[in-house]
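J.: fold the following and give me the result.
(chains A and B)
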Amino acid sequence: MVNNGNKEFVSGIKDSIPIALGYLSVSFGFGIMAVSSGLTLFRAVLISMTCLTSAGQVAGLTVITSGGTLPEMAIAQLIINLRYSLMSISLSQKLDGSFGLKDRLICSFGITDEVFAVASGRSREVTKQYLYGLIIMPYTAWALGTLLGAAAGEILPDMLKAALGIAIYGMFTAIFVPAARKAVGVLAVVLLAAGLSCVIRYVPLFKGVSSGFSIIICTVAAALFGALVFPVKKEEGSGQ
Amino acid sequence: MRFYLLLAVMAVVTYLVRMVPFVAFRKKISSAFVSSFLYYVPYAVLGAMTVPAVFYSTGSALSAAVGFGCCLVPAFMGKSLITVALTASTAALAAEGIMALIK
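T.: From the prediction side, this is the model:
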């Protein structure tokens, strides 16, 4: 039994390597972004260690640096991370009997888009050893990448830092462009969200709308539009 | 102090959003509308956060536009996150360099 548990853990670790490598680079971008917008290295890493969410953290950083309020932060995180609820529900159906309350409390912290995708793509039931194995390296890589990015951001020359500052947007682009290519609904949602975001940014009427709330408004409006005009069939609706 | 309050709210909300359904829910969401909405949320977030913010992410809107424009190509081809990101950075850096030379 112990052996089997070990095997499951190792299998989780193996499956997580591509995720961890990806996180290392995304969080590197976040680290640079965080120190460029005035945060200390310690705070940048602290955010990554307590939150573990790329889009949520970038939005959170925006709220922090633009002098946003606590309710603004709460609503922004709720909306942006709402998809995790769906993933949690979906994944909870795939767990084997070994999961106690403690394991659920710990593992739920590590549910991200990629972890969810890999765990739910598994043909067998998900054991707790497997899930722990799947989460530990991506979590570590996320914190480590932030540390390296923040350190790089503090020492690199401005020109290089500026060039790396665009990296995280490149990563966002790498996520939504292929998805938009496959599904016209995603294309419409991305374009609408981007368009609304520009309207709120440049039209004087919306000058009072903070950047955190802008993300909330654009997200809700564009996702509602998508759900109304391009409803997704059940199978595709599981995030990722 | 304000930072730590905001961080606490951010971390707690993010955790609860994941934890509560994982511990409590056993049923699947049956509403096609709700699951469609949740399906589109990540893409809407990324779209709203990328445009127009990407154009302010480097020294100038011009180099950022070059970087963003260039990275659309590997993104369209379905290349990995790191490839697309490095394309954006390299192109932006090259544009900054050329602009510095012209000046």
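
J.: quick one: the helix or strand of chain A with the lowest mean pLDDT near chain B?
T.: The least trusted helix or strand in chain A, going by mean pLDDT, DSSP states H and E, turns out to be helix A:158-165, with a mean of 81. Yes: applying CB under 8 Å from any CB of the partner chain, one finds helix A:158-165 in contact with chain B at A:158-160, A:162-165. No exception for glycine: its C-beta is placed from N, CA and C like everyone else's.

J.: need those residues in CSV (columns: neighbour count).
T.: Below are the residues of helix A:158-165 next to chain B laid out as CSV (neighbours: other CB atoms under 10 Å in any protein chain shown):
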residue, neighbour count
A:D158, 10
A:M159, 16
A:L160, 16
A:A162, 23
A:A163, 29
A:L164, 28
A:G165, 25
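
J.: for the helix or strand A:P178 falls within, packing partners?
T.: In this assignment (DSSP states H and E), A:P178 forms part of helix A:167-182. Helix A:167-182 is packed against helix A:2-36, helix A:54-65, helix A:184-202, helix B:32-50, helix B:61-76, helix B:81-102, with contacts defined by 3 or more CB pairs under 8 Å, 6 or more residues apart in numbering or on different chains; DSSP states H and E.

J.: any chance of those in TSV, plus distance to A:Q129 and mean pLDDT?
T.: Listed next are the helices and strands packed on helix A:167-182 as TSV, based on distance: least, CB to CB, whole Å; pLDDT from 0 to 100:
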stretch	distance to A:Q129	mean pLDDT
helix A:2-36	4	87
helix A:54-65	26	93
helix A:184-202	35	97
helix B:32-50	29	88
helix B:61-76	36	96
helix B:81-102	28	90
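
J.: among those, which is nearest B:P21?
T.: helix B:32-50 (11.4 Å; CB to CB).

J.: gap between the nearest residue in space to A:M87 that is not next to it in sequence and B:G78?
T.: Spatially, and ignoring its direct neighbours in sequence, A:M87 is nearest to A:F116 (4.1 Å; CB to CB, 6 or more residues apart in numbering or on different chains). Going from A:F116 to B:G78 by CB to CB, to the nearest Å gives 20 Å.

J.: which one of these two has more residues nearby?
T.: A:F116 (23 against 14; other CB atoms under 10 Å in any protein chain shown).

J.: so that one is in which element?
T.: Going by DSSP H and E, A:F116 is in helix A:113-120.

J.: so for that helix, mean pLDDT?
T.: What helix A:113-120 shows for mean pLDDT is 84.

J.: for it, packing partners?
T.: So helix A:113-120, by 3+ CB pairs under 8 Å, 6+ apart, packs with helix A:2-36, helix A:82-92, helix A:128-155.

J.: report the backbone C-alpha coordinates of that helix in PDB.
T.: C-alpha atoms of helix A:113-120 as PDB (Å, rounded to 0.1, in the frame of the first residue of the first chain):
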ATOM      1  CA  ASP A 113      -6.000  25.600 -14.800                       C
ATOM      2  CA  GLU A 114      -3.100  23.300 -15.700                       C
ATOM      3  CA  VAL A 115      -3.300  21.100 -12.600                       C
ATOM      4  CA  PHE A 116      -7.000  20.700 -13.100                       C
ATOM      5  CA  ALA A 117      -6.500  19.800 -16.800                       C
ATOM      6  CA  VAL A 118      -3.900  17.200 -16.100                       C
ATOM      7  CA  ALA A 119      -5.700  15.600 -13.100                       C
ATOM      8  CA  SER A 120      -9.000  15.400 -14.900                       C
END
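
J.: can you get me a residue count around B:R2?
T.: 11.

J.: which residues sit against stretch A:60-69?
T.: Stretch A:60-69 is contacted by residues A:30, A:33-34, A:37-39, A:47, A:51, A:72-73, A:76-77, A:210-212, A:215, B:3, B:6-7, B:10, B:49 when judged by CB atoms under 8 Å, 6 or more residues apart in numbering or on different chains.

J.: in helices only, show me these.
T.: The helices, defined by DSSP state H, take in A:30, A:33-34, A:47, A:51, A:72-73, A:76-77, A:211-212, A:215, B:3, B:6-7, B:10, B:49 from the contacts of stretch A:60-69.

J.: could you tell me which of those count as buried?
T.: Among the ones in helices among the contacts of stretch A:60-69, those classed as buried by 16 or more other CB atoms under 10 Å in any protein chain shown are A:30, A:33-34, A:47, A:51, A:72-73, A:76-77, A:211-212, A:215, B:6-7, B:10, B:49.

J.: just curious, which of these is nearest to A:G185?
T.: Nearest member of those to A:G185, counting by CB to CB, is B:M49, at 19.1 Å.

J.: got a list of what the closest one touches?
T.: A:55, A:58-59, A:62, A:172, A:197, A:215.

J.: same check, this time on B:S89
T.: So B:S89 contacts A:163-164, A:166-167, A:170, B:67 (CB under 8 Å, 6+ apart).
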